[in-house]
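Enquirer: Whatever this is, show me its structure:
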Amino acid sequence: MSPEKCSPQILDCLTEIARAAEARAESTAFHSEKVARVAHGIAKALDRPKEILARLLVVGRLHNIGLVGTCDSVLLKTSKLTPQEFKHIQEHTRLGAALLAPIPELADVAEVCLSHHERWDGSGYPNGLAGQEIPRMARLISVADAYCAMISERPHRDSLPRPVAAEVITEERGKQLCPECVDGFLTWYKKTDGRIDLF
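Expert: The predicted structure follows:
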């Protein structure tokens with residue numbers, strides 16, 4: 001469904017909730033906005049239709065909304081997560097999908113919330129989907145999400161230089177990440193030098 005079929009007020013409210021969840025840590029503030037911009041660029045490089053480009057901005061901004069249910073003690077932790085803490089943070093995928101499930105017009109967004117941490121090789125979560133079992137938009141968001149996370153500082157690690165992050169994305173082609181989406185990412189990267197203009 002197109003974004004226009006969902007009330008702009010609802011979308012604005014949900015976007016602010018997602019931003020507030022990420023803004024608890026300076027390192028993750030505006031992460032989803034960056035993901036949305038990169039995903040849009042990848043889709044454009046893959047010649048996706050205009051309605052898909054517009055939809056990816058919505059999907060990108062809301063894909064991590066489930067972090068609203070992640071404890072500060074886990075989200076902001078600077079040391080290695082325990083298995084229990086890692087399981088807790090993984091639940092943001094299910095929670096995001098559950099939050100959006102009551103809104104039929106956002107069913108595709110809920111699907112991406114649930115599956116954006118699935119991996120091409122089947123080693124991801126929460127359902128261990130592989131290859132084309134993973135929804136196409138989730139595969140694309142996964143590439144953008146991985147890149148934006150790597151070039152940003154996190155409580156437990158420093159950021160990577162953009163060229164190094166692009167190399168990692170390339171190395172994960174056909175492993176963690178969808179080959180087609182990686183190819184689109186590399187086309188976008190060559191055009192932009194991997195820079196993300198937020199404002």
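
Enquirer: From here on, just use CA atoms for contacts and neighbour counts.
Expert: Fine.

Enquirer: what residue ranges in the chain score low on pLDDT?
Expert: For the chain, the stretches flagged by pLDDT under 70 are 1-4, 155-156, 199.

Enquirer: most centrally placed residue in it?
Expert: Asp145 (4.0 Å; CA atoms, centre = their mean).

Enquirer: Was I right to think that residue contacts Val35?
Expert: Yes: the criterion here is CA atoms under 8 Å, and Asp145 meets it with Val35 at 5.4 Å.

Enquirer: What helix or strand is Leu140 located in?
Expert: Leu140 is part of helix 136-150 when elements are defined by DSSP states H and E.

Enquirer: quick one: contacts of that helix?
Expert: 31-32, 34-36, 38-39, 42-43, 56, 60, 111-113, 115-118, 159-160, 165-166, 169, 177-178, 181-182, 185 (CA atoms under 8 Å, 6 or more residues apart in numbering).

Enquirer: Please apply the same query to stretch 13-25.
Expert: Residues from elsewhere that reach stretch 13-25 (CA under 8 Å, 6+ apart): 28-32, 61-62, 64-68, 72, 75-76.

Enquirer: Next: stretch 151-162.
Expert: Counting by CA under 8 Å, 6+ apart, 27-28, 76-80, 150, 165, 193-194 sit against stretch 151-162.

Enquirer: quick one: the helices in this structure?
Expert: Along the chain, counting by DSSP state H, helices occupy 8-22, 31-45, 50-62, 72-75, 83-90, 92-100, 107-115, 136-150, 162-171, 179-192.
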